[in-house]
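A.B. asks: need a structure here:
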Amino acid sequence: MMIITTPCWKCDKIMKMALISDENTDYRGPETFSKEETQTAIKHEVILRKVHSRTAREEYLANICPHCDDFIGKHYFFTNYYIPAVTGELEFTEIAIEKE
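C.D. replies: As a prediction, the model looks like this:
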């Protein structure tokens, strides 16, 4: 799991978000997290909550900004967060998934 430190797209204050990077899918967000993955993200100061996306017209688990309470939509993970993290533009920490 990648815990990425990033400015919020809306309020520009620092927040933490979680993504999982693997060899099969490159990356995936909280909408696909298992119970253990969700708990691991929360333990590392990531706020996750089920949201309704008007863009995607669906509900899913998303990364939430602790300052303005807005969320990062799953359509923005790759270009706005994953690529900047792996190229060094955004700071991130790799975390092992904690099994119960």
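A.B. asks: Go ahead and confirm residue 19 touches residue 82.
C.D. replies: Yes: the pair residue 19 / residue 82 is scored as a contact, 6.0 Å apart, by Cβ atoms under 8 Å. Where you see a C-beta, it was placed from the backbone N, CA and C, and this is true even at glycine.
A.B. asks: who has more neighbours, these two?
C.D. replies: Ranked by neighbour count (other Cβ atoms under 10 Å), residue 19 and residue 82 place residue 19 first, with 25 against 21.
A.B. asks: if I look at that one, how far off is residue 30?
C.D. replies: 8 Å (Cβ to Cβ, to the nearest Å).
A.B. asks: cool, residue 85 as well?
C.D. replies: Distance of residue 85 to residue 30, given as Cβ to Cβ: 15 Å.
A.B. asks: Give me the more crowded residue out of these two.
C.D. replies: Higher neighbour count among residue 85 and residue 30: residue 30, with 26 against 22, using other Cβ under 10 Å.
A.B. asks: export stretch 47-67 as PDB, just CAs?
C.D. replies: Output of stretch 47-67 as PDB, limited to C-alpha atoms (Å, rounded to 0.1, in the frame of the first residue of the first chain):
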ATOM      1  CA  ILE A  47      -9.500   9.100   6.200                       C
ATOM      2  CA  LEU A  48     -11.800   6.800   4.200                       C
ATOM      3  CA  ARG A  49     -15.600   7.100   3.800                       C
ATOM      4  CA  LYS A  50     -18.200   5.900   1.400                       C
ATOM      5  CA  VAL A  51     -19.200   8.800  -1.000                       C
ATOM      6  CA  HIS A  52     -21.500   9.400  -3.900                       C
ATOM      7  CA  SER A  53     -19.700  10.600  -7.000                       C
ATOM      8  CA  ARG A  54     -21.800  12.600  -9.400                       C
ATOM      9  CA  THR A  55     -19.100  12.200 -12.100                       C
ATOM     10  CA  ALA A  56     -19.100   8.400 -11.800                       C
ATOM     11  CA  ARG A  57     -22.800   8.200 -10.800                       C
ATOM     12  CA  GLU A  58     -22.000   5.600  -8.100                       C
ATOM     13  CA  GLU A  59     -21.100   5.200  -4.500                       C
ATOM     14  CA  TYR A  60     -17.700   4.000  -3.400                       C
ATOM     15  CA  LEU A  61     -15.100   4.200  -0.600                       C
ATOM     16  CA  ALA A  62     -12.800   7.200  -1.100                       C
ATOM     17  CA  ASN A  63      -9.900   9.100   0.400                       C
ATOM     18  CA  ILE A  64     -11.200  12.100   2.400                       C
ATOM     19  CA  CYS A  65      -9.500  15.400   3.200                       C
ATOM     20  CA  PRO A  66      -9.500  16.000   7.000                       C
ATOM     21  CA  HIS A  67      -9.700  19.800   6.400                       C
END
